[in-house]
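J.: predicted coordinates and the sequence they were generated for:
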Amino acid sequence: MRGFCNARRTCSAYPWSARRTAKATALGAAYLAGLSAGVWPDLAALRRLDAEGRRFEPLLDEATRLRRQRQWQRAVQAVIGFYAP
C-alpha cells in the first residue's frame, strides 16, 4: 500500500488522504448498505465515522508533474501501438 501511496503522491496535483483500513472497498460497500438500510440518516453521519488516515501532499512542482504525465501517456500509447493489430 505504501508504494501505491507514494506513487500517487508523486503524480498528484492535489493533497489526498489514505484511509486507515486497507479494506476500503469493503468498508465503502458496508457504509452504502447501512445507509440504504437506514443505519445512518445521511452521508454527513458517515463522514463523521471515518477518521482520516495519513495525509499525502504532492511532491512535484506543476511543470515537472505535467512533463512526467506526458511521458507516461506516450509510453502507454507506445505499448498499445505495439500490441494493436
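T.: Cool, got the structure. Quick caveat, the model's predicted, so the values are computed rather than measured. Numbers count the residues shown, from 1 in each chain.
J.: what about residue 34, neighbour count?
T.: Per other C-beta atoms under 10 Å, the neighbour tally for residue 34 reads 14. C-beta coordinates here come from the backbone N, C-alpha and C atoms, glycine included.
J.: my guess is it contacts residue 40. True?
T.: Yes: with contacts counted by C-beta atoms under 8 Å, residue 34 reaches residue 40, the gap being 5.6 Å.
J.: chain center to the longest helix seen in the chain: distance?
T.: Residue-count comparison of every helix in the chain, with assignments taken from DSSP state H, identifies helix 62-83 as the longest. For helix 62-83, the distance between its averaged C-alpha position and the chain's averaged C-alpha position is 19 Å (C-alpha atoms, centre = their mean, to the nearest Å).
J.: overlap in contacts of residue 34 and residue 40?
T.: Both residue 34 and residue 40 are contacted by residue 46, under the criterion C-beta atoms under 8 Å, 6 or more residues apart in numbering.
J.: so where's this protein uncertain?
T.: Per-residue confidence for the chain (pLDDT under 70) gives these ranges: 1-9, 19-22, 50-52.
J.: ranges for the strands of it?
T.: Applying DSSP state E to the chain gives strands spanning 16-19, 52-56.
J.: no further questions, thank you.
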